[in-house]
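S.K.: fold the stuff below for me.
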Amino acid sequence: TIVLIDDRSSDRTLHTFMIGCSQATQRDLIEFVGVYLVFFRNFWFYSLPEIMFRFLSAGVAILYVAVVNAYPLPPNIDNVIDVSAFGAKGNGVDDDTAAIKSAIVHARSMVKDPNSPYPDPHYSPRVLYFPKGEYLVSDTLQLYINVTMYPNGTIVPPYYFRISLVLQVIGESMDSTTIRLVDNCPGFQDASTPKQVWLTFPASHHNDGQWLGYTDLTINTGKGNPGAIGLDHVSNNVGGCENLHILSDDGNGFVGLDFSKFAGGQAFFKNINIEGFATAFNFSQGVITVVLEHCSAAQAQVGLHVDAKLIQLRDFTTRDTVVSPVVLRDPAVSLVLIDSHLDGTANADTGGARAAITNADNGQLYVRNVSVGTPFHAAAIHDGATVVPGPTITEYAHNRSVSAFSDPPTSASFLHQPIRNVPPTTRDDVAGWRIVNIDNMSFKNATTLIQAVIDEGPHTLFLTGSYVATADTKFGVTQLVLRGNLRRFHGGWQSIGAAMFKKTPAGFMGIRVDPMDHNEPVVIEAVTGTGVLHNSSNDIVLRHVGCSHPQATCLANTDTATGEIFFESFEPGNTGSVTLPTGGPGINVTGSGMRVWGRGLDIEGTKRHIQNNGASVWVLGAKLGEIQGFPTVLSQGGRLELLGGLLNGGCNNFTTIEFAESDATLIGFAIRFQDYMDTFSETEHGVTKGLSHTAFPTRQVIFNNNTELGTHLPFYRTVN
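M.R.: Sure, this is the predicted structure:
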């Protein structure tokens, strides 16, 4: 028996322990084909399912152990609303519903008036915080209210309210903070009329859910509640959920995570573990794309159900009586599934199949490096009339790859870049954090204060307040420089962008990362409004970062930068016209030694979305669009692999994708509108050819009660 330890702890506790063991002890625990310590998630290059695949192939039994560290927030922060201050006890006995609802109402009341004189009146980030404890509830906890009726019948909050209340629901840790529905709760008894424990929006409209998410919580639907949905969520562009355990105590819940509001996405989900529901993960009503990584389902009829959505999924594990691990419905669906392990029971699913992956309606499907348990060895994939046996799927594509050249490569020649997980970072004790309150400060004073605190040498800096900008009409431009001992720059969901875009020069980026006095990665998270210039030998990690600037590139590297770039839920783009002649590129990376690893990219409105000048770029899940007259992606040399996503609009009669002497792969994309004449230009060995979107199959989807005709872009491959 091999003990696989899934260490999500940020301080590498188990890693440190193992390094301290003798080599003989290490070999006794983890030696396999010469690979050591590879099971530490987010630290080594290999994902958990990849290692499980290696062990299972050799017939080795596995004991799986997970460890998650607590991540409390500092006390007495203006942006943080602690539910205990409103009477929530968290003792597992008293009903905390009324107290939690009072805290939510208070958060809503803190949205700024749209007529406020402050520079950005539509931005009020708040955290609804749950200290450790078990919070009993007996009704739905609803974040947003609906007060406006649209002509089509959709009820949503006012626009300024929807974009201004940036509300994060955060617990002290997934293991220590639980919101639990009382057993046999009225209203949660009927699966034909399901009811949510957590509900973000009762109904959704375009661009709802900016910067919304749930983190470090357990949501328990209790016993005797067969109509319970653990979390009904929607988010757009940037945001999502991380470190959630959603379970039903008696294994009879309805849906664990429901993401079925129309137009929901781009969204990013990480470390979501669901057990005890008829359907663990449900994604439907699809136009936009959703990314999941390091997620699992157990004790479910269906592990993952996808209806018309565009889903990119890495490191997905099903186990323990999951009847149908993955079910795809509707021809508009597109799923990219890599580095995963699917196990479950031998019972037939509703279609009479015993497949780990069922593609019921001829949707788009790409599978790579996936292993299946014994019940699915005969049929790992049912794709229409095609049956793919297990126990391993090295690579499977629903469609053959295409190229502008007459001899498109086979699927076996897809780029297959080795994938590196986001490196872990040390999270020091909150007592050592430096809290900087920039509420209502002048732009110059705020920037000066933040820089002074950085130069004092803290490991973590956390912003609180309402607004700060790095440029001012009187005082000119100031750039924040991350340097010294800093390891984490937490923006507190603030906007620190240039206040007057027209006063800042083209190419200005508000944050520069310089070489540090340590070798650890530098994390920039929960911040919006500015660009990032990588000028360091340290790796940098962008987490839930938005960059909006019509005159500037949002992410770039200098010639001296040698550290790699990672991002999770990243939204570079501009806030002005999509036809600005000086905007962008949104991402501009250069040099054969530069490597970029991305999860969840939403980029709109820049002159060029991605410009790759000889670097190596890998992105899981991208929404690209709202641009006219310029290539969305330009790759000049180097390597580029985009695994799944959406071209949301396009360039009418202009080239959308341009590959010049590059190794590049696009897999599982969709083009949203047929009336945009998206074309592809490809240069190999000095010869240039083009390819129209008409070479790809049609995609039809219902959006806002209207039929949209688009195009599937299953697999595009060019080889230098």
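
S.K.: what about residue 515, how many neighbours?
M.R.: Neighbourhood size, residue 515 [other Cβ atoms under 10 Å]: 15. C-beta coordinates here come from the backbone N, C-alpha and C atoms, glycine included.

S.K.: do the same with residue 91
M.R.: Neighbour count for residue 91, taken as other Cβ under 10 Å: 11.

S.K.: before we move on, what about residue 453?
M.R.: For residue 453, using other Cβ under 10 Å, the count is 16.

S.K.: can I assume it is in contact with residue 436?
M.R.: Yes: Residue 453 is in contact with residue 436 according to Cβ atoms under 8 Å; the separation is 5.5 Å.

S.K.: give me the common contacts of the two.
M.R.: Applying Cβ atoms under 8 Å, 6 or more residues apart in numbering, one finds that residue 453 and residue 436 are jointly contacted by residue 461.

S.K.: residue ranges with poor pLDDT in the stretch 51-200 of the chain?
M.R.: Scanning the stretch 51-200 of the chain for pLDDT under 70 picks out 51-72, 75-76, 110-125, 145-166.

S.K.: cool, and the stretch 301-450 of the chain?
M.R.: The stretch 301-450 of the chain contains residues with pLDDT under 70 at 346-353, 401, 406-417, 440-444.

S.K.: again, 50 this time
M.R.: Filtered on pLDDT under 50, the stretch 301-450 of the chain yields the residue ranges 348-352, 409-413.

S.K.: what pairs with residue 588 across the strands?
M.R.: residue 556, residue 611 (DSSP bridges).

S.K.: contacts only, for it.
M.R.: 553, 555-556, 611, 613.

S.K.: now the residues you listed in a markdown table, with pLDDT, distance to residue 533 and neighbour count?
M.R.: Shown next, in a markdown table, are the contacts of residue 588 (pLDDT from 0 to 100; distance: Cβ to Cβ, whole Å; neighbours: other Cβ atoms under 10 Å):
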| residue | pLDDT | distance to residue 533 | neighbour count |
| --- | --- | --- | --- |
| 553 | 74 | 8 | 26 |
| 555 | 87 | 8 | 26 |
| 556 | 88 | 6 | 22 |
| 611 | 84 | 15 | 24 |
| 613 | 89 | 15 | 17 |
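
S.K.: tell me the one of those nearest residue 372?
M.R.: Among the contacts of residue 588, residue 555 lies closest to residue 372 (Cβ to Cβ), at 37.7 Å.

S.K.: quick one: contacts for the closest one?
M.R.: Residues near residue 555 by Cβ under 8 Å, 6+ apart: 531-532, 534, 542, 547, 565, 567, 570, 572, 586-589.

S.K.: please enumerate the helices of this protein.
M.R.: Along the chain, the segments classed as helices by DSSP state H run 13-20, 23-30, 48-57, 97-109, 159-164, 443-454.

S.K.: what does the fourth one rub up against?
M.R.: Under the contact criterion Cβ under 8 Å, 6+ apart, helix 97-109 has outside partners 81-83, 85-89, 126, 128, 135-139, 141-145, 161, 165, 167.

S.K.: switch to 7 Å and redo it
M.R.: For helix 97-109, contacts defined as Cβ atoms under 7 Å, 6 or more residues apart in numbering pick out 81, 83, 86-88, 126, 128, 135, 137-139, 141, 143, 145, 165, 167.

S.K.: put the buried members of the residues you listed into a ChimeraX selection.
M.R.: Remark: buried members of those, expressed as a ChimeraX selection using 16 or more other Cβ atoms under 10 Å:
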select :81,83,86,88,126,128,135,137,139,141,143,165,167
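
S.K.: what's the closest of the contacts of helix 97-109 to residue 308?
M.R.: Looking across the contacts of helix 97-109 and measuring by Cβ to Cβ, the closest to residue 308 is residue 143, at 25.1 Å.

S.K.: in space, what's closest to the closest one - neighbours in sequence excluded?
M.R.: In space, and not counting its chain neighbours, residue 143 is closest to residue 200: 5.1 Å by Cβ to Cβ, 6 or more residues apart in numbering.

S.K.: my guess is the one you found contacts residue 144, does it?
M.R.: Yes: applying Cβ atoms under 7 Å as the test, residue 200 and residue 144 come out as touching, 6.4 Å apart.

S.K.: between those two, what contacts are shared?
M.R.: Between them, residue 200 and residue 144 share no contacting residue under Cβ under 7 Å, 6+ apart.

S.K.: ok, residue 431 - how many residues close by?
M.R.: 7.

S.K.: if you could redo that for residue 190, that was the one I meant.
M.R.: Other residues lying near residue 190 total 11 when counted by other Cβ under 10 Å.

S.K.: now do the contacts for it.
M.R.: Counting by Cβ under 7 Å, 6+ apart, the residues that residue 190 touches are residue 227.

S.K.: backbone dihedrals for it, please?
M.R.: Phi and psi for residue 190, reported as degrees, to the nearest 10, are phi -110, psi 120.

S.K.: how close does it get to residue 244?
M.R.: In this view, residue 190 and residue 244 are 25 Å apart by Cβ to Cβ, to the nearest Å.
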